[in-house]
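> structure here, sequence nowhere to be found:
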């Protein structure tokens, strides 16, 4: 897939000279008069939901966070908090598993099934393990932005939030050569200003809204912006404490999710999203579960395994099947949109 024009200069200017110098650097997409489309009334008479008339899009995410976490106090499988701000050695080692074992194992699985995924990368994680970031991109996967460090940014003022987002994206570009166009916030939590900030920095889409089973467009003051929705229930982080993990049940849940959406895909645009974390899904037994599921999904006709930047581009250029929402302020709706 052809990438957007380079965004590196724009993001570097934000870091070097601040928000005033950066301005709204990205070219805004023109507003349209496209009426809202309800997400459950489309019909696939023309086979235009997905490329080659595919019935469903399946998109995998890989969160690359290892090394971006605080040395003390990061969440992990050990329920008792570390005391006195001391380095949490086992929790940091748990994160490091993603570097030593998890990501390499996941990349090999993707190669086996000839699938390209979207990896959302924390800037500090990329700087600490540049070879891993480079390998992800070298194998044809998308590099998305996941903040400059593994912490929230929704409490920051708009200028600081913009610098935080831009810094992580610049590190990804500098180390991998890939210009991120997709965004994922820490625990999905953005500020009311985030989408406008992302648009101004040249981002194309975000994933921080678990509200639908297909992509949609949100109209911002700067133009159209795509949401490629997230799923929490198909996310390995839901079993983060490691207790109650049932491989057979998770495998069945993956198949049930796929089968239902595949069936609906005859008359609606449907998308299945599975989110993986470097230190979670990369464990040996979880890889076996994912391997069996991918074998199952790939056995069905009309399945498009896609990166999220590909899905976002497709949604923008196939608007007849893409819901478009013109939302009120996030402080009024509780949903992402323009802040003013």
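Thanks, I have the structure now. Everything quoted here is computed from the prediction, not taken from an experiment.
> kindly check the end-to-end length of stretch 201-219 for me.
16 Å (Cα to Cα, to the nearest Å).
> and for stretch 213-230?
Start-to-end, stretch 213-230 (Cα to Cα) is 9 Å.
> okay, buried residues for it please.
For stretch 213-230, the neighbour count (16 or more other Cβ atoms under 10 Å) marks 213-220, 222, 224-230 as buried. C-beta here means a position set from N, CA and C on the backbone, and glycine is covered the same way.
> ok, now stretch 66-85?
Those would be 66, 67, 68, 69, 72, 74, 76, 82, for stretch 66-85 by 16+ other Cβ under 10 Å.
> between these, which is closest to residue 305?
Nearest to residue 305 among these is residue 66, at 24.7 Å by Cβ to Cβ.
> isn't the closest one up against residue 126?
No: counting by Cβ atoms under 8 Å, residue 66 stays clear of residue 126, with 10.3 Å between them.
> can you pull out the strands in the chain?
Secondary structure of the chain (DSSP state E): strands at 56-64, 118-121, 142-145, 182-183, 205-206, 216-220, 223-227, 271-277, 303-305, 324-325.
> between these, which gets nearest to residue 258?
strand 271-277 (5.7 Å).
> could you dump the strands of the chain to JSON lines with distance to residue 162 and mean pLDDT?
Below are these laid out as JSON lines (distance: least, Cβ to Cβ, whole Å; pLDDT from 0 to 100):
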{"stretch": "strand 56-64", "distance to residue 162": "22", "mean pLDDT": "98"}
{"stretch": "strand 118-121", "distance to residue 162": "18", "mean pLDDT": "98"}
{"stretch": "strand 142-145", "distance to residue 162": "12", "mean pLDDT": "98"}
{"stretch": "strand 182-183", "distance to residue 162": "12", "mean pLDDT": "98"}
{"stretch": "strand 205-206", "distance to residue 162": "14", "mean pLDDT": "98"}
{"stretch": "strand 216-220", "distance to residue 162": "15", "mean pLDDT": "98"}
{"stretch": "strand 223-227", "distance to residue 162": "15", "mean pLDDT": "97"}
{"stretch": "strand 271-277", "distance to residue 162": "25", "mean pLDDT": "96"}
{"stretch": "strand 303-305", "distance to residue 162": "33", "mean pLDDT": "98"}
{"stretch": "strand 324-325", "distance to residue 162": "24", "mean pLDDT": "97"}
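> output those strands as a markdown table; include the columns distance to residue 195.
Shown next, in a markdown table, are these (distance: least, Cβ to Cβ, whole Å):
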| stretch | distance to residue 195 |
| --- | --- |
| strand 56-64 | 19 |
| strand 118-121 | 16 |
| strand 142-145 | 14 |
| strand 182-183 | 9 |
| strand 205-206 | 7 |
| strand 216-220 | 6 |
| strand 223-227 | 6 |
| strand 271-277 | 19 |
| strand 303-305 | 26 |
| strand 324-325 | 12 |
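> which one of those lies closest to residue 190?
Closest to residue 190 of the strands of the chain is strand 205-206 (Cβ to Cβ; 7.5 Å).
> re earlier: where is pLDDT lowest across the buried residues of stretch 66-85?
Lowest pLDDT among the buried residues of stretch 66-85: residue 76, with 86.
> from residue 218, how far out is residue 79?
Using Cβ to Cβ, to the nearest Å, residue 79 is found at 37 Å from residue 218.
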